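A.B. asks: Whatever this is, show me its structure:
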Amino acid sequence: MDDSTFDRETLLDITVNVVPMLILLFFVILFTVWTPWKGQPLIYAISHFLTIFPLLLLALLTWIAAHYI
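C.D. replies: Purely as a prediction, here's the structure:
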């Protein structure tokens, strides 16, 4: 058995997390480039928190799952 963390089967198992990560990344880029809440830094910060925090948690969860699969 190969001891590599990201072998072919593991990559196939964690690819289900790639689509939500790409969607969240799209919204991070969209809200960075085009800001519908100009002049409202609290809403801007909350919108970025609600996209970046789940993205980081999902990336961490994906790495942990790949490590233990």
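A.B. asks: what's in contact with stretch 40-55?
C.D. replies: Under the contact criterion CB atoms under 8 Å, 6 or more residues apart in numbering, stretch 40-55 has outside partners 21, 24-25, 27-28, 31-32, 35, 37. (Each C-beta comes from the backbone N, C-alpha and C, glycine too.)
A.B. asks: could you redo the last one with a cut-off of 6 Å?
C.D. replies: 24, 27-28, 31, 37 (CB atoms under 6 Å, 6 or more residues apart in numbering).
A.B. asks: List the buried residues of the longest helix seen in the chain.
C.D. replies: Secondary structure of the chain per DSSP state H: the longest helix is helix 41-68. When neighbours are counted by 16 or more other CB atoms under 10 Å, the buried residues of helix 41-68 are found to be 44, 47, 51, 55, 62, 66.
A.B. asks: Just give me the closest of the residues you listed to residue 12.
C.D. replies: Closest approach to residue 12 among those (CB to CB): residue 66, at 10.8 Å.
A.B. asks: From what I see, the closest one and residue 15 are in contact.
C.D. replies: No: judged on CB atoms under 6 Å, residue 66 makes no contact with residue 15 at a distance of 10.5 Å.
A.B. asks: Low-confidence stretches in this protein?
C.D. replies: 1-6 (pLDDT under 70).
A.B. asks: isn't residue 14 right up against residue 62?
C.D. replies: Yes: contact criterion CB under 6 Å: residue 14 and residue 62 qualify, at 5.1 Å.
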